[in-house]
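A.B. asks: coords please:
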Amino acid sequence: MEQKLSNQIALITGASSGIGAGVAKAFAAQGATVVLNYPVEAAKDAADAVLRDITAAGGKGMTAQADVSKEEEVVRMFADIVRTYGTVDILVNNAGLQRDSAFTEMTLDQWNTVIGVNLTGQFLCAREAIREFLRRGPQPEKSRATGKIICMSSVHEVIPWAGHANYAASKGGIHMLMQSLAQEYAPRKIRINSIGPGAIKTPINHSAWATPDAEAKLLELIPYGRVGVTEDIGAAAVWLASDDSDYVSGITLFVDGGMTLFPGFSTNG
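C.D. replies: Coordinates of the predicted model:
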């Protein structure tokens, strides 16, 4: 069976759990060599466990520690990957977190932490990836595009979210960062897109689906009638990273079971 990402090197940030781990497994199954980024030493065991799952299934890769909000750590990580594998072909800008608070109680640290990881982290990683794509140049034997970046956004780049102003602001920022970079670098055959997950069963939102009552409440927001899983995002990411989507640039692909259809208005509001 043809593997859509054969011989390509893919960096997935925040890959020690959740959506990042799911994307890494999906990429490895399609022939990519995956680099699983994790933020701090405490997450190393989790990243190693994901890598063991990947290698047990016949995939290959490595782990790489870096706090994506810190420039020197991102630069070092990319240098290590290029030294090990020669280049980077795909970046999945996935690392993200929440520090939720009522707006009047939100601290500057809560604001800066979320913006630093979710938005500044995507800027830093995308900058280093694009620098590497331009340095290396086209590799038509691997891919029609010179490089691919997938920014992990959220339905909350378009749906306001009271009590989560820092998170929603970071995702709105990702949308315009992605489109601005896509516009700037499409002439160099670098494709940059986003995925906007809806409710996905991951540790970050465990309380929203962990009990039958909680899941039933969540399903009121999902017209398709089920909560998503990481495999849903992995499949979308494979498509966006492969030549199957070669004419796709500058879009957000919402993978949300219809959450962005604003189901509260389905009965005329």
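A.B. asks: and residue 85, what is it in contact with?
C.D. replies: 9, 33, 35 (C-beta atoms under 8 Å, 6 or more residues apart in numbering). (Each C-beta comes from the backbone N, C-alpha and C, glycine too.)
A.B. asks: can you do 6 Å?
C.D. replies: Taking C-beta atoms under 6 Å, 6 or more residues apart in numbering as the criterion, residue 85 is in contact with residue 9.
A.B. asks: Helices of the protein, start to end?
C.D. replies: 18-29, 44-56, 71-85, 108-115, 121-136, 165-185, 206-209, 212-219, 230-241 (DSSP state H).
A.B. asks: between the last one and helix 18-29, what angle do the directions make?
C.D. replies: Here helix 230-241 points in a direction 60 degrees away from that of helix 18-29 (axes from the mean of the first three to the mean of the last three C-alpha atoms, to 10 degrees).
A.B. asks: swap in the third one?
C.D. replies: Orientation of helix 71-85 against helix 18-29 (the same axes, to 10 degrees) gives an angle of 20 degrees.
A.B. asks: list the buried ones in helix 71-85?
C.D. replies: Neighbour-count burial for helix 71-85, with 16 or more other C-beta atoms under 10 Å as criterion, is recorded at 73-74, 77-78, 81-82, 85.
A.B. asks: That one to helix 121-136, inter-axis angle?
C.D. replies: Using the same axes, to 10 degrees: helix 71-85 against helix 121-136 is 40 degrees.
A.B. asks: Buried residues of the helix or strand of the chain with the lowest mean pLDDT, list them for me.
C.D. replies: Using mean pLDDT, DSSP states H and E, the weakest-scoring helix or strand in the chain turns out to be helix 206-209, at a mean of 76. Within helix 206-209, the residues that count as buried by 16+ other C-beta under 10 Å are 208-209.
A.B. asks: helices or strands up against that helix?
C.D. replies: Helix 206-209 sits against helix 212-219, with contacts defined as 3 or more C-beta pairs under 6 Å, 6 or more residues apart in numbering; DSSP states H and E.
A.B. asks: Can you name every helix or strand that the helix it packs on contacts?
C.D. replies: By 3+ C-beta pairs under 6 Å, 6+ apart, helix 212-219 packs against helix 206-209.
A.B. asks: Give me the contacts around the helix it packs on.
C.D. replies: Here helix 206-209 has contacts from 201, 214-215, 218, 227, using C-beta under 6 Å, 6+ apart.
A.B. asks: Taking those, please make a ChimeraX selection of just the buried ones.
C.D. replies: Here is the ChimeraX command that picks out the buried ones among the contacts of helix 206-209, judged by 16+ other C-beta under 10 Å:
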select :201,215,218,227
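A.B. asks: Packing partners of the longest strand that the chain contains?
C.D. replies: In the chain, taking DSSP state E as the definition, the longest strand is strand 190-197. In terms of contacts (3+ C-beta pairs under 6 Å, 6+ apart), strand 190-197 is packed against strand 147-152, helix 165-185, helix 230-241, strand 252-255.
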